[in-house]
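Chemist: got a predicted structure plus its sequence, pasted below:
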Amino acid sequence: MTALTLGRDQLAAWELLTGGWLLPLDGFASPAELAAGLPRVTLDLPADVGTSLVGQTVELREPEGVRLGTMNVAGAAPAPWAGEGTVHLHGAQAVDVPAVRYDHQDLRVTRDGAPDDVAIVIPSGRPLTSVELEGLVDRGRSRGSLALVSLVGDAPADDTAMHTLVRAHRLHADRLRAGGVDVHHIVLPAPPPVDGEVPAVTALATSVLAGEHGRVEWPAAPVGEIDTDVAALLARRNPRPDGAGLTIFFTGLSGSGKSTVAGAVMARLHAETDRTVTLLDGDLVRQHLSSELSFSREHRDLNITRIGFVAAEITKHRGVAVCAPIAPYDATRRAVRDMVERHGQFVLVHVATPLEVCEARDRKGLYARARAGEIGSFTGISDPYEVPGDAELVLDTTDISIAAAAEQVMAALRDRGLLPLGASPVAPASSGKRQDSTA
Ligand SMILES: Nc1ncnc2c1ncn2[C@@H]1O[C@H](COP(=O)(O)OS(=O)(=O)O)[C@@H](OP(=O)(O)O)[C@H]1O
Ligand SMILES: Nc1ncnc2c1ncn2[C@@H]1O[C@H](COP(=O)(O)OP(=O)(O)O)[C@@H](O)[C@H]1O
């Protein structure tokens, strides 16, 4: 049986669908359901793959391979919202596992497990202010039970911002209970409003919770300050920009100077900051993380994606990752940037020393061997290098000293406000201070 691995947004959709939050939709939407105005919760695939599955039963899996259920694929219709050459599958679904989530399980209920008597539903993707909470205490007391809904969208289980939001809402729920309000706190994997626009899927899920007798009330623009306990939580979890982690990613031809400049920058960082600094050098990674990989395009991309994964983890934990692979492909470098920027800062340094200079240096004798045809697919000789268009710094080491090259990198970091790096972890905000709700 063909298995399809669901992406992040599809997993969130699966959790909502199987939880009964999008009824009458109980599976990925068909063209008829979309035409009837139901939200666009669809299973999109490239057209060639999708159409080949019509008439088959496919397994739906989550990324670690756990089988979530099956779909008897009845049809594949064009999905222009996902781009040209894309279709969405529809058909009867059977559910084995509603969701594989271990975080905030006490708050992730299905529609059947949620209360039926909610008078007011307050969905929010941000912490609420003291003024808002006071208003809710008044309304909750006079009008009955209240559901506070944390809108976490498709945030994965390692998303710090998501955990911070849910923990802030837990504190809100405590405060409301202390004020005598009957409050239910629920986590829904539905996206929060963007610029005041409530996504259709969220509008449906919250109205399903409100039922016939309840009412959904969207908090307006935040007014006032955030309670001190919540502000302290936010300060710990959302570090100031100087508390965030950093990845410095060197890219360039073999012999351009990536390792040498990276080493000199590491020395400067060690001297100037308390952060941990980790080197992910091309050669070292290939010995330890990627020893089985070749230099085919596919394997180079895999190698860079591994480096990006580790760099993103280091950045998430507020360390500094210094990467120095060739990384010849633009799309892969951009994917790494995306992975890292979810957690902190990313600085791309293109070490643009010309091929002639790299070849003349030929530190490892590899260019001579590549020219002699002893090494195939050698970057710059018989394999491509795509020049980055998004580098924060372009550095040519032909005529400068190693120290001068390192200083250019440090200056680029300073110019972007990334140096000096604050201590890590960031100390909790002292009590008594209040934090603006937009922070
Ligand atoms: N075919 C081919 N092309 C390019 N480079 C080659 C090749 N074969 C071996 N080497 C040596 O491997 C180092 C590059 O590995 P990377 O992991 O940085 O390459 S990549 O980013 O995956 O493309 C590179 O190291 P650096 O000189 O440090 O860049 C070379 O020493
Ligand atoms: N300003 C400079 N910056 C970096 N390397 C330099 C510089 N000037 C000369 N070099 C020499 O160039 C070579 C670069 O090699 P390396 O750092 O291993 O490159 P890569 O990691 O890109 O393959 C080293 O032999 C280094 O001593």
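Modeler: That came through, no problem. Numbers count the residues shown, from 1 in each chain. Ligands and ions are numbered 1, 2, ... in the order given.

Chemist: can you pull the contacts of the residue nearest the centre of the chain?
Modeler: For the chain, the residue whose C-alpha lies nearest the mean C-alpha position (Cα atoms, centre = their mean) is Arg342; its distance is 5.1 Å. Residues near Arg342 by Cβ atoms under 8 Å, 6 or more residues apart in numbering: 159, 312, 316. C-beta coordinates here come from the backbone N, C-alpha and C atoms, glycine included.

Chemist: flag whichever of the residues you listed scores worst on pLDDT.
Modeler: Least confident of the contacts of Arg342 in the model: Asp159, at 81.

Chemist: who are the contact partners of that one?
Modeler: When contacts are counted by Cβ under 8 Å, 6+ apart, Asp159 is found next to Arg342.

Chemist: heads up, I number from 36, so please use that
Modeler: Understood, numbering begins at 36; the last thing we discussed is Asp194.

Chemist: ok, now how distant is it from Ala267?
Modeler: Summarising the geometry, the distance separating Asp194 from Ala267, computed by Cβ to Cβ, to the nearest Å, is 20 Å.

Chemist: now swap in Ala238 and tell me
Modeler: If you measure Ala238 against Ala267 using Cβ to Cβ, the figure is 33 Å.

Chemist: and what of Leu383?
Modeler: 35 Å.

Chemist: need the phi and psi values for whatever residue is furthest in space from the centre of the chain.
Modeler: When distances are taken from the C-alpha mean of the chain, Ala407 lies farthest, 44.5 Å away, according to Cα atoms, centre = their mean. For Ala407, the backbone dihedrals are phi -80, psi 0 (criterion: degrees, to the nearest 10).

Chemist: got a pLDDT number for it?
Modeler: Turning to Ala407, the model gives it a pLDDT of 96.

Chemist: for Ala134, same thing?
Modeler: Reading off the model, Ala134 has pLDDT 85.

Chemist: wait, it touches Leu51, no?
Modeler: No - here Ala134 lies out of contact with Leu51, judged by Cβ atoms under 8 Å, at a distance of 9.2 Å.

Chemist: tell me which of those two has more neighbours.
Modeler: Neighbours of Ala134 and Leu51, each counted by other Cβ atoms under 10 Å, are more numerous for Leu51; the result is 26 against 19.

Chemist: so the closest residue in space to the more buried one that isn't next to it in sequence: helix, strand or coil?
Modeler: If you skip the residues right next to it in sequence, Leu51 has Leu57 as its closest partner in space, 5.3 Å away by Cβ to Cβ, 6 or more residues apart in numbering. Secondary structure, DSSP: H, G, I helix; E, B strand; the rest coil: Leu57 is coil.

Chemist: cool, and Ala256?
Modeler: Reduced to three states with three-state DSSP, the structure at Ala256 is coil.

Chemist: equivalent analysis for Gly343, please.
Modeler: helix.

Chemist: neighbours of it, how many?
Modeler: The local packing count at Gly343 equals 26, with neighbours defined by other Cβ under 10 Å.

Chemist: list the contacts of it.
Modeler: When contacts are counted by Cβ under 8 Å, 6+ apart, Gly343 touches 367, 370-371, 374-375.

Chemist: please repeat the previous calculation with a cut-off of 10 Å.
Modeler: In this structure, Gly343 makes contact with 282, 284, 315, 356, 358, 360, 362, 367-368, 370-375, 381, judged by Cβ atoms under 10 Å, 6 or more residues apart in numbering.

Chemist: pretty sure Val422 contacts Tyr364?
Modeler: No - in this structure, Val422 sits apart from Tyr364 without contact. The criterion is Cβ atoms under 10 Å, and the distance is 11.2 Å.

Chemist: between those two, who's got more neighbours?
Modeler: Applying other Cβ under 10 Å to Val422 and Tyr364 shows that Tyr364 carries more neighbours, namely 17 against 13.

Chemist: how far away is whatever residue of the stretch 336-474 of the chain ends up closest to ligand 1 from Arg372?
Modeler: Sorted by distance to ligand 1 under Cβ to the nearest ligand atom, the residues of the stretch 336-474 of the chain start with Pro360, at 3.3 Å. Taking Cβ to Cβ as the criterion, Pro360 is separated from Arg372 by 14 Å.

Chemist: what's the residue in the stretch 336-474 of the chain positioned nearest to ligand 2 sitting at in phi/psi?
Modeler: Taking Cβ to the nearest ligand atom, ligand 2 has its nearest neighbour within the stretch 336-474 of the chain at Thr432, 3.5 Å off. Backbone torsions for Thr432, taken as degrees, to the nearest 10, come to phi -90, psi 10.

Chemist: ok, it touching Val384?
Modeler: No - with contact defined as Cβ under 10 Å, Thr432 does not count as touching Val384 (11.0 Å).

Chemist: now do the shared contacts for the two.
Modeler: Counting by Cβ under 10 Å, 6+ apart, the common neighbours of Thr432 and Val384 are 287, 293, 296, 440, 443.

Chemist: list the residues that contact the second one.
Modeler: By Cβ under 10 Å, 6+ apart, the contact list for Lys293 reads 284-287, 316-318, 357-362, 384-386, 388, 430, 432.

Chemist: what ranges do the strands span in the stretch 336-474 of the chain?
Modeler: Taking DSSP state E, counting those that start in this stretch as the test, the strands found in the stretch 336-474 of the chain are 355-359, 379-386, 428-430, 470-471.

Chemist: revised request: answer the last question for the stretch 186-335 of the chain.
Modeler: Remark: strands of the stretch 186-335 of the chain, listed N- to C-terminal, are 218-223, 250-251, 260-261, 280-286, 312-316; assignment by DSSP E, counting those that start in this stretch.

Chemist: point out the most buried one among the ones you listed.
Modeler: Here the criterion is mean neighbour count by mean count of other Cβ atoms under 10 Å, and of these the winner is strand 280-286, at a mean of 28.
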